[in-house]
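structure of the sequence below:
(chains A and B)
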There are 2 protein chains.
Amino acid sequence: MVEPFSRSFKGLIIWCILLYMIQCSLATSNTTGGHFHKWEVAYMYWSPDGVENVVMGINGQFPGPTIRARAGDIVHVQLTNKLHTEGVVIHWHGIRQKGTPWADGTASISQCVINPGETFDYRFTVDRAGTYFYHGHYGMQRSAGLYGALIVDVAEGEKEPFHYDGEFDLLLSDWWHQSVHHQEVGLSSKPMRWIGEPQALLVNGRGQYGCSMAAAHYGNSSLSQCNITGNEQWAPYILHVDPNKTYRIRIASTTALASLNLAIGNHTMKVVEADGNYLQPFETNDLDIYSGESYSVLLKTNQDSSQNYWISLGVRGREPQTPPALTLLNYRTTSASRLPLSPPPVTPRWDDYAHSKAFSNKIKALDHKSIPKPSPTYHRRIVLLNTQNKMNGYTKWSINNVSLSLPATPYLGSIRFGLQNAFDQTKPPEGFPGHYDIMKPPVNSNTTTGNGVYMLGYYSTVDVILQNANALKENVSEIHPWHLHGHDFWLLGYGEGKFTKSDEKKLNLKNPPYRNTAVIFPYGWTALRFVADNPGVWAFHCHIEPHLHMGMGVVFAEGVQHVAKIPKEAVSCGVTGKKFMTGSHLG
Amino acid sequence: MVEPFSRSFKGLIIWCILLYMIQCSLATSNTTGGHFHKWEVAYMYWSPDGVENVVMGINGQFPGPTIRARAGDIVHVQLTNKLHTEGVVIHWHGIRQKGTPWADGTASISQCVINPGETFDYRFTVDRAGTYFYHGHYGMQRSAGLYGALIVDVAEGEKEPFHYDGEFDLLLSDWWHQSVHHQEVGLSSKPMRWIGEPQALLVNGRGQYGCSMAAAHYGNSSLSQCNITGNEQWAPYILHVDPNKTYRIRIASTTALASLNLAIGNHTMKVVEADGNYLQPFETNDLDIYSGESYSVLLKTNQDSSQNYWISLGVRGREPQTPPALTLLNYRTTSASRLPLSPPPVTPRWDDYAHSKAFSNKIKALDHKSIPKPSPTYHRRIVLLNTQNKMNGYTKWSINNVSLSLPATPYLGSIRFGLQNAFDQTKPPEGFPGHYDIMKPPVNSNTTTGNGVYMLGYYSTVDVILQNANALKENVSEIHPWHLHGHDFWLLGYGEGKFTKSDEKKLNLKNPPYRNTAVIFPYGWTALRFVADNPGVWAFHCHIEPHLHMGMGVVFAEGVQHVAKIPKEAVSCGVTGKKFMTGSHLG
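Numbers count the residues shown, from 1 in each chain, chains lettered A, B, ... in the order given. Now for the predicted structure:
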């Protein structure tokens, strides 16, 4: 009697194994079909700006490979860390990670870092067409070169609300010759040593240090002419176009510091998308773009097709020490080596904030099924004062006088499993004292560090008023582009000075742009609204890499109890690792 | 009925808590009493050689704090990683870690690395008096400056077998201006870029780049005179002595590359200890010391006490590009600022191997109760051919044609818990083909990488013949100091050419030195014997940092099934982490 039973039991096991294998192969084919990417992150020699240096590359490429998918697809990136001593994570900037908060790629927040030699599977749905990018989100690894583009096309059968004949993707960044390891030491030192302005601005990882492509031709350049054959790693990415066509230029900024302005000689642009959401199209001569933002513009190649045209990229908001980045719009009807007749367009002066504000105020959401209408009311309003402060002689950026110091154990696991020793259980402040004078340096500049979490009611509507202020130095207030993970928000408006009740009526509840990044202007405020409908823990921070390093961020959490099975690898460190490590053989 | 029971139950709990607290406070006082150290590892600005750079320091110090304990003590170092993105571990070089193999501080071997923000408790017994040191053992973090001295005095009531009136500790290292992150990229690139010779040799973390303390005074120096007030981080560590005394000078080398020779003007030294074991005392004019070694010498201050004397440190075994390190022996009877009458002693020529071999051959164990007599026979003999090879264009160092590539999951956990997917299950080779010509570059230089383990019989006696050979370039064979973790070995002898049966009778089974580091000379062999009596997994490797990085090591394991409870933190990564992570809430 035992034998047959045993046989059928064996049979059952074989069946189970077979079923499992089929399931696996289905799962694999599902992802390998379009969007399975096997990536290795490693340092390598590279010359982003003509000066050989070390960059953090992916599969030997810098910037990393472009991911291209369709709305609704699952993207699967199997990331192996080939660094020697550093952990790594990758954040998919603009992807909301609904149902996969552990794949948001933020160290200390959504997952344990991937240690050298280890692999993590990022598997997530790209639910909406748009222009996105990805980048490192640990230490200052983004600034080390860990970034690339992520483009999502509309789903099969769907159409964009505008027409174009061709497309270009421009990923903008800035580059320092000093390694981020040294930069981090400087920023964390007493007294702080600032990283300074970048040595070069890069377009798709390419820039020119100490020379200019336009130097010799239009006079008055202190730089020498670049000697470029076109095969260099730092040769410009040229946009080759046919006449009388419409091109979509996708522009995303992953700069560590620089706010940028892009202008194309003789051409205007029509802005149609921001951060993955459609806009009411508007024409512009030049486009402001802050770190963390993305845009699509439409370009009509309707100019003299026997000429080429400069594309200029200049610094905004900080007195530039970095020459503009240049590349060419090349009409295929002429040689790409033919220099434009006119000098490169001059982008607006760095401190022409009126120009920036005018541009920002032009941005309105398109009335489109993909964009939800703003909630007319809010359940909770959090006011976040942005200040620069000192703490025992160290320089910090603080939010309501708390400088974010991320915990060793990622929040997603520690909140999900109720481990209160993983981070500050005190609630971070909802605002700041009414008498605070935002026009002056902090009177008592002593700040504290903390890592408490803003616990948001699940499905509640949250308003955030980002309030800018004077930095430590008199008459200095800086631009900060704030990026929200896991959500888009309605950008209800900008204003000058301290936000007051009377500003309430200025908020745009009709067609505010729906975005994931919003800038605050010097001494101004910016108002956002979003629905806390995404179970997980989400960073909200200044996208300037050294500012975040110095504490400029907060953490939101909502509906964490609804987060389903978190992959082990995402919680295998710190106190969550310890909690789930069981075995009588362990000490 | 319930209440009294409940009360007495409560009482019991309170008692338990009290008992636990007493136990804890006892445990604490036990360690805080002498040897509790709370350390933080962080990068910081420092000028080890007069050029400001970034070093990896401990508690703001470089080199790290000196640990001083007595034989039999428990040392407890609570190490917190304050780096931004790098893991860290610390190896206690020369401490055998009996019963605490997880505290050996070798990444990928004895423990999971300590990630940023996390803390690991190193708790181990220092069972034997001697001169030791500690250093990073992850990537090339030792070379980044993560090291310090560890001095163990004889147990209370015990006596050293020699007398001295005072003591100095000299920790020797070498220093590069290029960061180890860049060095690692170069070594791992195709083609490999060599790190070159160090910019400076350091004594207790202090050296002088681009100048010499002796330049102006004895002619013929191409360097300028150093301008030192004495307060600089790079001011020399001066040995202030009284006349007619005996000083013990403890000398340990944690160089990344340089083999060194130390000589003191007008004085001889009596060598009495090597790697924590007593030697038959012998006089020498100069002392060879290889990376990973330590010595004690006795110095009699019996020279003209109205003078000072130079201490010189020169490079051996590689054509030096680095000027000798200099410091002073200052007789307190004269001013330390008075320069010696004679120029610094000239250390032997870099390629005077006869001198090196003569020195090495003088080293014999003292007949002392603390040093076991060598086993007269062996159970297993492993022959390890040291070659430089290529692999797909990458340059590697290989042992029996396998270049060590460490696994992501530390062996201690994966072997202890039988996880066969953590590393290569193939046995690494016991020797090399008999026809191999060690005098020529490898004929077929294609090597393989691997991470298989030499599984040693518990309590078996193991012989290792380290066989040197020609590197990739004709007529080049380099010095390699091999360091064994977890054990001392009897250094049975050195020889020229290929080890053959006839060499057997040359082995010293009478009074071989008992050590943890042994050098192989160019084109020569070195024979070792040890008893595999320490349950754990142990690295055995060339102590030259870039050579280990390029694969020059093997892994031994013995009696791992006897390893008692391993701390969770030591196995919470990789496949061991995954195995022990259980929880129905995890995916």
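
and the gap between the residue nearest to residue A:265 when sequence neighbours are not counted and residue A:299?
Spatial nearest neighbour of residue A:265, excluding adjacent residues (Cβ to Cβ, 6 or more residues apart in numbering or on different chains): residue A:309 at 3.9 Å. Every C-beta, even on glycine, is put in place using the N, C-alpha and C of the backbone. Residue A:309 sits at a distance of 10 Å from residue A:299 (criterion: Cβ to Cβ, to the nearest Å).

which residues do those two both contact?
Here residue A:309 and residue A:299 share the contacting residues A:264, A:267, A:329, scored by Cβ atoms under 8 Å, 6 or more residues apart in numbering or on different chains.

just the ones of those in strands?
Mapping these onto strands (DSSP state E) picks out A:264, A:329.

any idea which of the shared contacts of residue A:309 and residue A:299 is closest to residue A:39?
residue A:329 (31.8 Å; Cβ to Cβ).

my read is that that closest one contacts residue A:262, right?
No. Between residue A:329 and residue A:262 there is no contact under Cβ atoms under 8 Å: 11.5 Å.

for the two, list the residues in contact with both.
With Cβ under 8 Å, 6+ apart, residue A:329 and residue A:262 have common neighbours residue A:311.

which residues in the stretch 451-587 of chain A form helices?
In the stretch 451-587 of chain A, the helices defined using DSSP state H, counting those that start in this stretch lie at A:545-549, A:568-571, A:574-580.

please, where are all the helices along chain A?
Secondary structure of chain A, counting by DSSP state H: helices at A:2-34, A:180-187, A:353-361, A:411-416, A:545-549, A:568-571, A:574-580.

ok, of those helices, where does mean pLDDT dip lowest?
Least confident of those, judged by mean pLDDT, is helix A:2-34 with a mean of 41.

if we can go back for a sec, format the helices of the stretch 451-587 of chain A as CSV; extra columns: mean neighbour count and distance to residue B:189.
Below are the helices of the stretch 451-587 of chain A laid out as CSV (neighbours: other Cβ atoms under 10 Å in any protein chain shown; distance: least, Cβ to Cβ, whole Å):
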stretch, mean neighbour count, distance to residue B:189
helix A:545-549, 23, 26
helix A:568-571, 24, 29
helix A:574-580, 22, 34
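
relative to residue B:407, how far out is residue A:42?
According to Cβ to Cβ, residue A:42 and residue B:407 sit 17 Å apart.

my guess is residue A:327 meets residue A:203, correct?
Yes. Counting by Cβ under 8 Å, residue A:327 touches residue A:203, with 5.4 Å between them.

got a list of what the residue of the stretch 301-450 of chain A found nearest chain B touches?
Of all residues in the stretch 301-450 of chain A, the one sitting closest to chain B is residue A:408 (3.1 Å; Cβ to the nearest Cβ). Residues near residue A:408 by Cβ under 8 Å, 6+ apart: A:108, A:422, A:573-574, B:115-118.

need the max-distance pair from the residues you listed.
Longest distance between any two of these is 14.7 Å, between A:422 and B:116; criterion Cβ to Cβ.

endpoints of stretch A:458-471, how far apart?
35 Å (Cα to Cα, to the nearest Å).

and for the most centrally placed residue in chain A, nearest residue in space, chain neighbours not counted?
For chain A, residue A:292 is the residue whose C-alpha lies nearest the centre (Cα atoms, centre = their mean; 3.7 Å). Closest residue to residue A:292 apart from its sequence neighbours, by Cβ to Cβ, 6+ apart: residue A:543 at 3.4 Å.

return the residues in contact with the one you found.
A:290-292, A:481-483, A:517.

tally up the residues packed near the residue nearest to residue A:61 when sequence neighbours are not counted, please.
Spatial nearest neighbour of residue A:61, chain neighbours left out: residue A:148 (7.9 Å); criterion: Cβ to Cβ, 6+ apart. Here the count is done by other Cβ atoms under 10 Å in any protein chain shown, and residue A:148 has 25 residues near it.

ok, now residue A:551?
27.

any idea how far it is from chain B?
Separation of residue A:551 from chain B (Cβ to the nearest Cβ, to the nearest Å): 13 Å.

low-confidence bits of chain A, can you list those?
Within chain A, the ranges that satisfy pLDDT under 70 run A:1-34, A:219-220, A:584.

if I read this right, residue A:569 contacts residue A:112, doesn't it?
Yes. Contact criterion Cβ under 8 Å: residue A:569 and residue A:112 qualify, at 6.8 Å.

quick one: residue A:61 from residue A:448, how far?
Taking Cβ to Cβ, one finds residue A:61 at 42 Å from residue A:448.

what does residue A:410 give?
Counting by Cβ to Cβ, the gap from residue A:410 to residue A:448 is 22 Å.

between these two, point out the one with more neighbours.
Higher neighbour count among residue A:410 and residue A:448: residue A:410, with 29 against 12, using other Cβ under 10 Å.

residues contacting the more buried one?
A:107-112, A:537, A:570-571, A:573-574, A:576.

need the max-distance pair from the residues you listed.
A:537 and A:573 (15.0 Å).

isn't the residue nearest to the centre of chain A up against residue A:516?
Yes. With contact defined as Cβ under 8 Å, residue A:292 counts as touching residue A:516 (7.5 Å).

what is in contact with these two at once?
Common neighbours of residue A:292 and residue A:516 (Cβ under 8 Å, 6+ apart) are A:93, A:483.

neighbours of residue A:190, how many?
Residue A:190: 11 neighbours (other Cβ under 10 Å).

then residue A:369?
Using other Cβ under 10 Å: residue A:369 sits among 6 other residues.

ok, now residue A:420?
Residue A:420: 10 surrounding residues under other Cβ under 10 Å.

could the contacts of residue A:408 go into a markdown table alongside distance to residue B:251?
Converted to a markdown table, the contacts of residue A:408 look like this (distance: Cβ to Cβ, whole Å):
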| residue | distance to residue B:251 |
| --- | --- |
| A:108 | 43 |
| A:422 | 45 |
| A:573 | 40 |
| A:574 | 40 |
| B:115 | 35 |
| B:116 | 34 |
| B:117 | 36 |
| B:118 | 34 |
